[in-house]
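Trainee: Give me the fold of what follows.
(chains A, B and C)
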Amino acid sequence: MQVEKSNEVERNIHMDLKKITEEQTSQTGLTEQISENRANGTREKGIGAKGDFKPLIVAFCCNWCSYAGADLAGTSRLSYPAEVKIIRVPCSCRINPIFILRAFGRGADGVIICGCHPGDCHYSTGNYYTRRRMTLLFSMLDYLGIEKERTRVEWVSAAEGVKFSTVMNDFAKTIHRLGENKKLEDLRCKEFPY
Amino acid sequence: MMFKINKDRWPELFSEISRDRELYMPIEKAGQIQFEKWNVDAKVRLDQLNTVKSPKDFFFPQSENIVAFKTKGKNISIFENHDESRPFVVFGVRGCDAASFKILDRVFLAEPVDTFYKTRRENATVITLSCNEPEETCFCSIFEIDPVDPAGDIETWVIDDVLYWKSITEKGHALTDDIKKLFEKADQQDEEKIYNHKEKVKDIISKLPLQNLNINEIFKNNSMLEIFNSSKWKELSQPCMGCGTCTFICPTCHCYDIRDFDTGHGIQRFRCWDSCMYSDFTRMSHGNPRSSQLERFRQRFMHKLVYYPENNDGAFACVGCGRCISRCPVSMNIVKVAKALGVKDDE
Amino acid sequence: MQRVSVLIELIRERAQKLLEDGIVNRVIGWKKGEFFYDRTPAVFQASDDLSELIYDGFCSANLSKYLIQENKKDGKILALLKPCDTYSFNQLIKEHQINRENVYILGIGCPDMLDINKIRGKGIKGIQKIEENDDELIIDTLYGQRKCRREDVLLEKCLSCKGREHVAYDELVIGDLRNDLTIENEAMSDSASGKNPYEMVEKIEAMTPDERFAFWRSELSKCIRCNACRNVCPACTCIKCIFDNDRSGIASKANTDTFEENMFHIIRALHVAGRCTDCGECSRVCPQQIPLHLLNRKVIKDINEFYGEYQAGADTETVGPLISYKQDDVEPDIIMRKGGHK
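Mentor: Prediction:
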């Protein structure tokens, strides 16, 4: 029974495939749309209520302090923008420069790193290395002409829900002012027309 | 029919050609001369002998999209987002580079035909430019390539700030007819000038240090296995760092990889240049078939000097452009290899 | 050339003696190539003819990189290292990539290296022979004889030489080189051996962000991902580079768009940060002549400024700046207060 069903599913996929490819190739308009999209660099981004640009922000938060701080902001009903996407890491020094570049490449307009206060790292010395690494990375990005304000490091402890909320709101406002990330975007990662 | 046009009118010529075709030529950008699209502000540099990146890029680009996929549940949609090719003109191609196109043709236009390559070849009009000042690294003449009469759709010479133009093929005639009004006809004096110029350059070529190599003796008369098992390969491959520079700047190297890239919204399948010098070249489930740098180094030169001629009526897969000689980080190159294997100057 | 040709005799003599005495069983140096200016790194076995060993102003290759593989083989190898090469050597010792006992270093004096690209950049084509006459180069070409000043065609890195002292050696063979050049240095203008290595970095820092972006876009768009810079770098010793590793998510063999052009160089500069000795090889080998040393020098300048003066490879003890910390390090927002106009 299972085998028959999966065979049927496969056949369906195959037929769907054929149908879609036929549709696609007959719709020359679609190919033009793709080239136009690539040319204009348009992207299906979050459109705000007023139709203006909403930035995409990635926040790397360390599990012990800043993620807990974010939790606290939530339970205290302090709001921060929905565009901030949090990625939890065990410690801020887990963050590789590659993560930050990848975030920018895949559509982020701003990246913020949150960790424990220097001296209070859960793993005792992790954030010291973060501090050095991120300083050099952000300095390098600035050297290449990427806007300095697109990256930030903030130290947020588990008790600082207010600080977390304030920082995120402020950062989102800064990024909103700066506009879409054009310099470090990866054109391949843009949405196809669907 | 030979035409001519003065240097001060070249911008007019280029702008006329680029009206309904894309025009590419050696242009200086950030201190380096490469084939770029022409525009009015471009710094055209026809005095440089060779660009670093060869014009094979026009027919066999460093990376090109093939197809993209998107999955939704159990459905898969396919988008053919391969870049459309439009008619274009490549100006200022040297004899060696023009000959490399023929070598690539044998690979890509043999069955099964690479349709992307074929379309681009059909869309292109190649305008070759004769060499004025060959350098010590040139050795195209040993592969029977004529640098002063370079084969192309249209041949050109630049002598004393005048561009001389002669169309050879149908495609060349078609382009020339479109822009004929800008030219003056070349007269007997001009023909003499060109002839004298060619003789002068041929004289320089006869003095080039590498132009006497008798390449056929070793590679045609010795058995493949003898060369393969030569003890010289150890010494030759020792400094090689396996970087891949030689393969990327070589106008005849044509290995490629097909990779999938996860865009976050779907998969983009694309083709890109690969290098046989890399440690993960043609990696299969058991690993790389050539695990040492010696084997990889040997493979590259055996392919160019022995295997390709064997499969292609004796044509060598090298055009003597000299790029590998001037750009290898450790100064290893095909001439050193040939000489180590026994190639000597003609007596 | 006279000074250096005396030196090569001394080097060959010492190498021969060390081989005969069985202290080393092979020598790594340079071999002459096809043309007057090309030199290939080569390993000479005990039985080989050392008359092919050559040393002059075109031997710019950093041999420390080859020692990583060579030192794993049997026996001791004699390495000819110039002063800047010895910094790379120390750094590799620190990273446990080289076993000190397997290498015998002959520290050789350096006459300042010449850059064939700069010579060609002067429009000199068809080079047949180059002769040095004090501070002038006389070049015989297919198109006649040309001349140029030696200091105009020195390698970029030699213009801001770290110093002519070897920081690691078993024996020194300098001949008269050091004395001659010390006197000359004092008489020479700022253009050689005294140039501020961060001059161009500072110039770029003073530009506006958009100007900087335009500069780097124009430079990095030339990149063909040939990986010469990565493979020649003594600090890039990963057996499987992250860009070759399919599991890293950033593996690629070609720059398919501008993002990848930027990413490769940013990541490489950061991976070697704190370990780069500023040997200048990356810029020398780039076939598109991208000034990669400007990226690495920017990182070094930042390290010097924020975390104290540090020269990688100056010794084998000091811990690198990225694997150490101070509790009162600067905060990352210091970059907001630096750089060009807003």
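
Trainee: so where do the strands sit in chain A?
Mentor: Ranges of strands within chain A are A:57-62, A:84-89, A:110-115, A:151-155, based on DSSP state E.

Trainee: how close does residue B:115 get to residue B:260?
Mentor: 20 Å (Cβ to Cβ, to the nearest Å). (C-beta placed from N, C-alpha, C; glycine too.)

Trainee: and those two? which has more neighbours close in?
Mentor: Set residue B:115 next to residue B:260 and count neighbours by other Cβ atoms under 10 Å in any protein chain shown: residue B:260 wins out with 13 against 10.

Trainee: Pretty sure residue B:77 sits in a strand.
Mentor: Yes. Counting by DSSP: H, G, I helix; E, B strand; the rest coil, residue B:77 is found in a strand.

Trainee: Show me what counts as buried in the one helix or strand residue B:195 maps to.
Mentor: Taking DSSP states H and E as the definition, residue B:195 sits inside helix B:188-207. Using 16 or more other Cβ atoms under 10 Å in any protein chain shown as the test for burial, helix B:188-207 gives B:190, B:193-194, B:197-198, B:201, B:204-205.

Trainee: Likewise for stretch B:180-190?
Mentor: So for stretch B:180-190, counting by 16+ other Cβ under 10 Å, buried means B:182-183, B:186, B:190.

Trainee: Of those, which belong to strands?
Mentor: With strands identified by DSSP E, none of the entries of the buried residues of stretch B:180-190 belong to them.

Trainee: Looking at the stretch 51-200 of chain B, which residue is nearest chain C?
Mentor: Closest residue of the stretch 51-200 of chain B to chain C, Cβ to the nearest Cβ: residue B:63 (4.3 Å).

Trainee: count of neighbours near that residue?
Mentor: Neighbourhood size, residue B:63 [other Cβ under 10 Å]: 19.

Trainee: I figured it was touching residue B:269, is that so?
Mentor: No. When contacts are counted by Cβ atoms under 8 Å, residue B:63 is not listed as touching residue B:269 (11.4 Å).

Trainee: Helix or strand, whichever it is, which one in chain A has the lowest mean pLDDT?
Mentor: Here the helix or strand of chain A ranked lowest by mean pLDDT, DSSP states H and E is helix A:28-40, holding a mean of 43.

Trainee: quick one: residue B:56 and residue B:256 touch, right?
Mentor: No. With contact defined as Cβ under 8 Å, residue B:56 does not count as touching residue B:256 (11.5 Å).

Trainee: more crowded one of these two?
Mentor: Taking neighbours as other Cβ under 10 Å, residue B:56 and residue B:256 compare with residue B:56 leading, 22 against 19.

Trainee: most centrally placed residue in chain B?
Mentor: residue B:251 (3.0 Å; Cα atoms, centre = their mean).

Trainee: That residue belongs to a strand?
Mentor: No. Read with three-state DSSP, residue B:251 is coil and lies in no strand.

Trainee: possible to save the buried residues of stretch B:180-190 as TSV with pLDDT?
Mentor: Output for those, formatted as TSV (pLDDT from 0 to 100):
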residue	pLDDT
B:182	88
B:183	89
B:186	87
B:190	89
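
Trainee: what about stretch C:292-306 and chain A, touching?
Mentor: Yes. Under the criterion of Cβ under 8 Å from any Cβ of the partner chain, chain A is reached by stretch C:292-306 at C:295, C:298-299, C:302-303, C:306.

Trainee: Pull out the buried positions in that stretch.
Mentor: C:292-303, C:306.

Trainee: do you know how far residue C:11 is from chain B?
Mentor: As judged by Cβ to the nearest Cβ, to the nearest Å, residue C:11 and chain B stand 19 Å apart.

Trainee: so which strand or helix has that residue?
Mentor: helix C:2-20.

Trainee: go on, residue B:332?
Mentor: Counting by DSSP H and E, residue B:332 is held by no secondary-structure element, helix or strand.

Trainee: Tell me which residues touch it, please.
Mentor: B:236, B:239-240, B:246, C:40 (Cβ atoms under 8 Å, 6 or more residues apart in numbering or on different chains).

Trainee: on that earlier part again, which of the buried residues of stretch C:292-306 fall within helices?
Mentor: Counting by DSSP state H, the buried residues of stretch C:292-306 place C:293-303, C:306 in helices.

Trainee: Of those, just say which sits nearest to residue C:224.
Mentor: Set against residue C:224, the nearest of those by Cβ to Cβ is residue C:295 (17.0 Å).

Trainee: correct me, but residue B:163 touches residue B:4?
Mentor: Yes. Counting by Cβ under 8 Å, residue B:163 touches residue B:4, with 6.7 Å between them.

Trainee: can you give me phi and psi for residue B:162?
Mentor: phi -120, psi 140 (degrees, to the nearest 10).

Trainee: now swap in the one 4 residues further on and tell me
Mentor: The main-chain torsion angles of residue B:166 are listed as degrees, to the nearest 10 and equal phi -140, psi 120.

Trainee: residues contacting it?
Mentor: B:1-3, B:154-156.

Trainee: go on, residue C:35?
Mentor: Residue C:35 is in contact with B:136-137, B:209, B:325, C:127, counting by Cβ under 8 Å, 6+ apart.

Trainee: again with residue C:271
Mentor: C:235-236, C:242 are the contacts of residue C:271 under Cβ under 8 Å, 6+ apart.

Trainee: Tell me the pLDDT of it.
Mentor: In this prediction, residue C:271 carries a pLDDT score of 94.

Trainee: That one and residue C:296, how far apart?
Mentor: According to Cβ to Cβ, residue C:271 stands 11 Å off from residue C:296.

Trainee: Overlap in contacts, the two.
Mentor: By Cβ under 8 Å, 6+ apart, no residue touches both residue C:271 and residue C:296.

Trainee: Could you chop chain A up by domain?
Mentor: As given by automatic domain parsing, the domain ranges for chain A are A:2-42, A:57-178.
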